[in-house]
Structures are given as structure tokens and as C-alpha cells.
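Colleague: Just need the structure, nothing else, for what follows:
(2 chains)
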Number of protein chains: 2
Amino acid sequence: MKFQSPTKKHIQLLKDILSPERVSSGQSNLDLHSIDQSHHPPSRPDAVLWPINAQEVSDILAFANQENISVTAWGSGSSLEGNPIPVFKGLVLDFTYMNRILQIREKDFQADVEPGVIYQRLNTRLKHTGLFFAPDPGAHATIGGIIANNAGGIRSVRYGSARQNVLQIKVVLANGEQITAGSRSLKTSSGYDLLDLFVGSEGTLGLITEATVRLRGLPERSVAAIVSFPSVKMAAKAVFDIIRSGLEPAALEMIDTNCIRLINREDSIGINESPSLFIEFYGVAKAQLEQEMDMVREISRHAGANGFVSGIGDRDRNALLKARYELGEKIRRSHPGRTHIVLDVAVPISSFPETVSFAKQESSVTDIPFYIFGHAGSGNLHLVLMGKTDDPTEWAAIDRINESIVEMAIRQGGTATGEHGVGIGKKKFMFTEHGTGLKWMHNIKKLLDPQGILNPGKIFPLSK
Amino acid sequence: MKFQSPTKKHIQLLKDILSPERVSSGQSNLDLHSIDQSHHPPSRPDAVLWPINAQEVSDILAFANQENISVTAWGSGSSLEGNPIPVFKGLVLDFTYMNRILQIREKDFQADVEPGVIYQRLNTRLKHTGLFFAPDPGAHATIGGIIANNAGGIRSVRYGSARQNVLQIKVVLANGEQITAGSRSLKTSSGYDLLDLFVGSEGTLGLITEATVRLRGLPERSVAAIVSFPSVKMAAKAVFDIIRSGLEPAALEMIDTNCIRLINREDSIGINESPSLFIEFYGVAKAQLEQEMDMVREISRHAGANGFVSGIGDRDRNALLKARYELGEKIRRSHPGRTHIVLDVAVPISSFPETVSFAKQESSVTDIPFYIFGHAGSGNLHLVLMGKTDDPTEWAAIDRINESIVEMAIRQGGTATGEHGVGIGKKKFMFTEHGTGLKWMHNIKKLLDPQGILNPGKIFPLSK
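Modeller: So this is what the prediction gives:
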């Protein structure tokens, strides 16, 4: 074993650093922190710690670094690639209690938050200000987790992922040192971009203890439409045509027939049961939104759409968005005895139709149920495959399908992961995607965390 | 001397790597590469090299690294903080001949270019596609220089700086190794963000030999207005009010009376000679643009505007933009015997009015001529001070003014440089702005360039 298992003495010392009730080795706590929402096998930590401030995080890391004990940060465990599973056991730092919204600077469209803040809670708090935090991964993600994974969501086609929505972070490094990265200025050319080095580093370079996030103005007006197509391929082609036209939707989601059937069954929204796009525009003037929608209608017609429902009211739209957010959960529930894997690739938009077709074709060669959806406007495709939990043949097939799609995406100039991060599941594609760049990522890891105590077993293919 | 001066033998070997006519130690070439457009003192390199491909760049760096000869990359020398001045002499790599536009992928809104491409040439080439590259620093900057400095310009309030407009780069490291950083996918969470580490690193971490840049759609329609105010302070307050309202202009520039006088004198555009804002919106529908302009008019009225000229036609607007681009040059020409210094700070938008007032007040205590302007919508302030070239008292005063404004900007949560980079002039503020983060920037420098041969004497305060 590369790391030391914390001894009773270590645990006692950690209880002294925090306080006894915020250090637990109880089985139920260890179990809760052994899994995320992915299919990756559980691994229990030796202890779970709940720090309440940066100094405690610093003290824990300094101690763990000295004793060579591994440390994995934990937000809400809603990630999809095993990102916070403590594969080398050791300590899990659960940021649940560091959940204060420290300051909202409305005038600057900024807020300072602790990493444990659930993003929906921030948005609820912001409602009266007319502002919101744009990244919106489906589950109850924390802002720390969103930043650590560079998560995106439905609005990323307009507002970008976490990277485009965080200005400054406070970070504790592996040795306990505390630094600040980034600036509260929207614009800066001051030295190396340490901020973006930590964003998306999945807790392997340092732990975020505070973030200044960028807020956006809630739209004055918005319009939405659902457009149906005879095939997924045609829907994907329409996505490309819409983006190619220069339109800038606030959301452009694709969902296949299987997804819609599930949504209709559970939420009785009553959408056409064929591959569909959900598209939304934000703006100030009604005329602009109407013109944008007219363009979408025209483009869709040319692309072979067989259904176009616009003027969707707020109630239906919220129901639909809620259904979309809960899609992963719905899929899982509808297949007892099966386990899901969620693919997440992203490609340049011109390659999106081909990538979707390829994903469908690859998935269709087996009888494994599958669902295609995604943040289509950003070229981001998700594919859920539901394998029989204990059927190694099905899982071998799933692995093959996964690999062929990821490798196809990389060949198109795309990426192995659009928004879920590398975690455990995408490690094996890192060299194919980054070539010798990967070695330099690893050199940076060794520089910032020489003993490798931070979230070991992630990102790097040889890390386990 | 920390580095080795290239000997005759070295020069001969470099001529063998390239070809004799692309290696020069002629005085005029050395002089041309001894200055940028800043006030920083000239320093001549020992030789200038013109590589034509990545392999040559790699061979040169491997050789220079082995022989401990310093290497400074050169775009068009239009930077404003001494960024490419070879303060330790050695070799200058001039990328003029690496100026091919390799591929335009219209469908993906992307282009692959070599670093020596002047951005206006790319935009000219793109015209028929309806696309453009958004960063637009005033001078004839190269794309390599724009990326290396994370440069911005007038459109950065809408499209961001270089960082938001580059997707992938090929880089040669100090030891000659070639890596690719970033992805052609708009969205990625795949490993550490090496791309953004190189963007804005001013040629101190590696040299860019190719870039995939992101293109934007040219606006279908646009409107522009010039709004005048009784004082710079009121104009700056209106900037804040406009951004605070949630409006998203394509440009929001501030220019003070001195600047306007110069523009009127040289270009006879005939703008009101009082502090003014230039504001532009892009959109699809006329109604939207009219509504946005109405909001600006209303906000400006409340903020005390005493002039509002909207509906500015294309011809006047182009003349005005051209005048704005050439402002620095105009200012310099109008003060013979004086040398300019261009301040460049950026602050959170709520601090912009106060920062502008402070800058004006600090500059007013001397008789040194000054000009206030800036990309106001992004909180980015420029201040040009024209000091008597050989008057140490004036330059001591300028240093004090510069320092007090930069330190004030940093106290507001802002940055020592919004878009000009650190170069030589902003080194001394790096610790104040970044604290212990600076040490980690330096550690990254040592990791990627252990001998420090790449653009030495820049960014780090102790580097000279």
C-alpha cells in the first residue's frame, strides 16, 4: 500500500484538530462516502472528516501530508465518473458544513461562497436580486464540486461551464499552504492562470475553501420550443444547423424517444414520442425572441422536423426542465437489476451529428437498453447504457461501446469528457487525448502534491 | 551574467538549423527587436532568428536550453509593458514568417493559424464567411502575441479576452519538447487546463507554434451611440449603471476630453468635447436594439448625460473606432520630447467610478499631460501619462502615480493589468496582487523551464 492507513492515534489527533463529533469511522458514514452516482465500485474511506473552515482544512492536509495519509474531498457525491470515491481509502473531507454564502455583491454580479453550498440554494437566495449562478448540473451538486469538475449543464451553451463562472478561489495545497488564485476583476493578464489550473482538477491539486463566483442577470423574457424529428440523426443535424446559423440559444438539448417515453410516463407532459430538441432563448425584446424562434422553425423544417411546439409556458417549461434534470434518476429507476453507465463526450459542433449516429449504431448492436440525450448545442453527448448488474458479458460489451465512442470523439478533435471529469472511468483515454501533454499534467501534480495524497487513483492512467 | 552569450560558433550552428538568411546579427535587426511600444528602455538581442515551422522552433530551443542561451519570442512588437524586450539579450525568435492561416473550419467557428498571423489579416480573410476573431488590441498584434499576453480590446466586454477565444495550442517547451494543450471541443473537463496556463504566460513557459482560435458570427445588425457627460466621474458612474442594468453591449468605451480633442483635431469627427462613452449593441432584431438603446438613453439621462447621439452610421462608427485604435499613437505624436506610459488596471465594475476618479485626481497633482480612456464595460482603465523624456523628476512622479493607482486597483479586488500583461513594468506589483500564489507561479516556471531561458526578466519581481 502506497499510503498509510490512519491509526487510532491518527484519528485521535484529527479529533483534536477538528472536534470529536466531526470525525467519524462509523460504518454508515463510511458507506455513504464510498460511492458517487456512477457505476464505479465502492471503496470505503478509513474516516470521514467535516471541516468548518479553511484553517481546519489546512491543518488536516499538513498532518495528512506529513503522515502520508490520502485525502479525498467530498461535495454531495453526485458526480458520475467516480471522481470522489476514495479508492485508496484514507480520509474523506466532507464539505457539508462549509456551506455559507459569505457575501453577495449584486453590484458586481459576484458572490463569495464556501465550497459546500448547493448551487440551487445559492440561486434561491439570489432570486430577489435578479441574478443567478449559471452552471446547473442535474443533481444537487455543491459549488466546490462543480468547480472541481468544471461541470456545465443545460445553460453551458450560453454561459459556459464552471470555468467561465468562477473568478477567484482560495485553495489549500497538499502541504497545508493556503493560496488565492484568480481576480475579482472580470479581466486580467496578471501572471500565470493558477485559477484555471485548479478548476477541473478534481481535488487532485488542492482543496477549494472559498470561491468568488460570477453571477448572470436573469433574463427579462424567454421563449422555448420543442421540435420533433423522425430520427436522432436528423435532430442532431438540426442542432448543427441551428448553431451554424449563428443563433445563440440559452439551452439546446437533445433527447431521444426512449427518454421522452420515460418523461411522458412519469410526468405526463405529453411530448411527441420521437427524437426531440428543447430550445430556449433569452432576451429583452419580444420581437427579437420571435425572430429567433422563426429562424429555428425554418431551420428545423428544412432539417425534416415533423413537430414544432413553441410558446411553451413557464409551467410546462419548468416541468420539462425538472424532468430533464431527473432523467438520469428516472432511467435508473426504470431498470431494476441493471446498473447504468453515463457516457459524456463532446465534439466540435460539425461532428455532432456523426457522433450521435455512431453512438446509436454502436449501442444498437446489443440488447442493452440505452438512452441518448445531451447538451447538444455545445456538442456534448450523453449516452446511458443499462447493463445487467451481474452480467460480465454485458459489461464487457458496454466497455467496448464506451471505448469506441470516446475514441471516435477524440478522433474528431473532441474530448473524452465534456463535463463529468476524468475520475476513474476516463483515465484510460487520457494519453490518447493529450499525448505527451499528459506527462506535463503529471509533472504539475508532482509539483503541487509531491506525495500524491490528494484524491489518488484519479485522472492519471497509471495512478492505480 | 546568468546566460551565455551566443558565440560565433553558436550563430553558425543556428544558421545550420535554420538557414543563413534567417539568422541575423545586423545592427538594424537588433535595434528593431530591442523595443516594443512601451517606455521601457531598449535592450538589443545578440541575434534575431526567423523560424518557419515548429520543428525549427523545437530545434532552436533544444539547442539554446543545452547551451544556456536565453530566448525571447517576438510577434509584432506592439506590446505595452516591455513584454518582448530581450532584457538578457540572447536570441529573439521572430514569428513573422510563421504567418499561415492553416485552415478555416467555418462549420465549427474555428480557424487554425500560425502565431505570426496579424489578427486583422485573419479577419479580412474571414469576411466572406460571416465570422470574425473577436480580440482586437489596437495595434497590428499577432495572434501569438495576443494569446501570450491574454490581450483583449474593445470587444472583450462581450467576447472576452484571448483566453475566451482560443481552444487549442501547439507549444514548444524550453527543452524543445512539443505538446498540444486544449481541445477543439468548446467544452471539456479532461484533465488539467494546460491551455490556460500558457495563455497569458508571455512566452515564459513555452512558445506557441499553432493555435486553434474560436470565431464568432458577425452581427446581423448593430447600433451605436456616443453619450457625453459633464465629468469623467459621471461618465464612469454611467458605465457602472449600464452594466448593472444587465445590458450586454458589444463595446462600452470611455474617453476623456483630452482624447476627444485629439481625435477631433486629427480626424474631424466632431464629437462633443466632454468625457464620453461609446456604446454599441449587436443583435438580430431592430426592436431589441432600439429597446437596448432606449435603456442606455434613460440610464445616461439619470446619470447626468448632457449629450446623446445615437443612430451613428457605419462610416462614422468606423472612423471613430479607427480613431480609438490609433489613440495611443495620436497621443504620442502630439507630445514631441515626451515619452508615454500606459497604465492598464482592471477592477470589479462597482469600483470603476471610484478608480477613475482616483486616477484623475492622482494625475492632476502634476502638470504632466494625461489621457484617460479604457474598455470601461469590463472595468478596464487606461491612463496615458506623457513625461518629459529626460526629466527624472517627472518620471519619479509618474512612478508614484502609477504605483498608487495600481495599488488602489488591487485593494478593490482588481488586477495590476487587465490586458497588457506583466512584462517588465508590472513585476513589482505581483506579490501584492498574488501573495504566496506568486511562489507557485514561479515553481511552475521552474518546472517547465528549469534554466529560465524563456523570456527572462519578466513577470517575476526577482527575475532581474
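
Colleague: Could you list the buried residues of stretch A:309-321?
Modeller: For stretch A:309-321, burial by neighbour count (16 or more other CB atoms under 10 Å in any protein chain shown) applies to A:312, A:316-317, A:319-321. Quick note: C-beta positions are derived from backbone N, CA and C, even for glycine.

Colleague: Now render these as TSV, adding secondary structure and distance to residue B:201.
Modeller: TSV is the format used below for the buried residues of stretch A:309-321 (DSSP: H, G, I helix; E, B strand; the rest coil; distance: CB to CB, whole Å):
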residue	secondary structure	distance to residue B:201
A:312	coil	46
A:316	helix	49
A:317	helix	44
A:319	helix	48
A:320	helix	44
A:321	helix	40
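
Colleague: Closest one of those to chain B?
Modeller: Closest to chain B out of these is residue A:321 (19.5 Å), distances taken as CB to the nearest CB.

Colleague: which residue sits closest to the closest one, ignoring its sequence neighbours?
Modeller: residue A:154 (7.2 Å; CB to CB, 6 or more residues apart in numbering or on different chains).

Colleague: Contact residues of the stretch 201-350 of chain A facing chain B?
Modeller: Contact residues (CB under 8 Å from any CB of the partner chain) of the stretch 201-350 of chain A with chain B: A:201, A:205, A:217, A:220, A:240, A:244, A:246, A:283-288, A:290-292, A:295, A:346-350.

Colleague: Please flag which of those sit within strands.
Modeller: The members of these that map onto strands under DSSP state E are A:217, A:283, A:346.

Colleague: Which segments of chain A make up each domain?
Modeller: Annotated domains of chain A cover A:8-96, A:99-217, A:221-328, A:335-434 [automatic domain parsing].

Colleague: Mean pLDDT for those - can I get that in CSV?
Modeller: Shown next, in CSV, are those (pLDDT from 0 to 100):
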stretch, mean pLDDT
domain A:8-96, 97
domain A:99-217, 97
domain A:221-328, 91
domain A:335-434, 97
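
Colleague: I'd like the ones you listed laid out as JSON lines, including distance to residue B:86.
Modeller: Shown next, in JSON lines, are the domains of chain A (distance: least, CB to CB, whole Å):
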{"stretch": "domain A:8-96", "distance to residue B:86": "41"}
{"stretch": "domain A:99-217", "distance to residue B:86": "20"}
{"stretch": "domain A:221-328", "distance to residue B:86": "43"}
{"stretch": "domain A:335-434", "distance to residue B:86": "32"}
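
Colleague: Look at residue A:318 and give its secondary structure.
Modeller: Three-state assignment for residue A:318 (DSSP: H, G, I helix; E, B strand; the rest coil): helix.

Colleague: host element of the spatially closest residue to residue A:330 that is not a sequence neighbour?
Modeller: The spatially closest residue to residue A:330, leaving aside those adjacent along the chain, is residue A:262, at 5.0 Å (CB to CB, 6+ apart). For residue A:262, the host element (DSSP states H and E) is helix A:257-267.

Colleague: Could you say which helix or strand holds the residue sitting furthest away from the middle of chain A?
Modeller: If you look at how far each residue of chain A sits from its centre, by CA atoms, centre = their mean, the farthest one is residue A:9, at 37.0 Å. If you go by DSSP H and E, residue A:9 is part of helix A:8-17.

Colleague: swap in residue A:309?
Modeller: Residue A:309 belongs to strand A:307-310, assigned by DSSP H and E.

Colleague: helix, strand or coil for the residue of the stretch 351-464 of chain A found nearest chain B?
Modeller: With CB to the nearest CB, the shortest gap between the stretch 351-464 of chain A and chain B falls at residue A:413, namely 3.5 Å. Here residue A:413 is coil, with the state taken from three-state DSSP.

Colleague: what's the burial count for residue A:23?
Modeller: The number of residues packed near residue A:23 is 22, by other CB atoms under 10 Å in any protein chain shown.

Colleague: Kindly report the same for residue A:20.
Modeller: 11.

Colleague: Contact partners for it?
Modeller: The contact partners of residue A:20, by CB atoms under 8 Å, 6 or more residues apart in numbering or on different chains, come to none.

Colleague: OK, contacts around residue A:131?
Modeller: By CB under 8 Å, 6+ apart, the contact set of residue A:131 is A:106, A:109, A:215-218.

Colleague: Pick out whichever of the residues you listed sits closest to residue B:28.
Modeller: When the contacts of residue A:131 are compared for distance to residue B:28 (CB to CB), residue A:109 comes out closest, at 50.3 Å.

Colleague: Nearest spatial neighbour of the closest one, chain-adjacent residues omitted?
Modeller: Here the residue nearest residue A:109, using CB to CB, 6+ apart, is residue A:215, at 4.5 Å.

Colleague: ok so, going back, got a winner among the ones in strands among the residues of the stretch 201-350 of chain A next to chain B for most neighbours?
Modeller: Of these, residue A:346 is surrounded by the most neighbours, 33 neighbours in total, counting by other CB under 10 Å.
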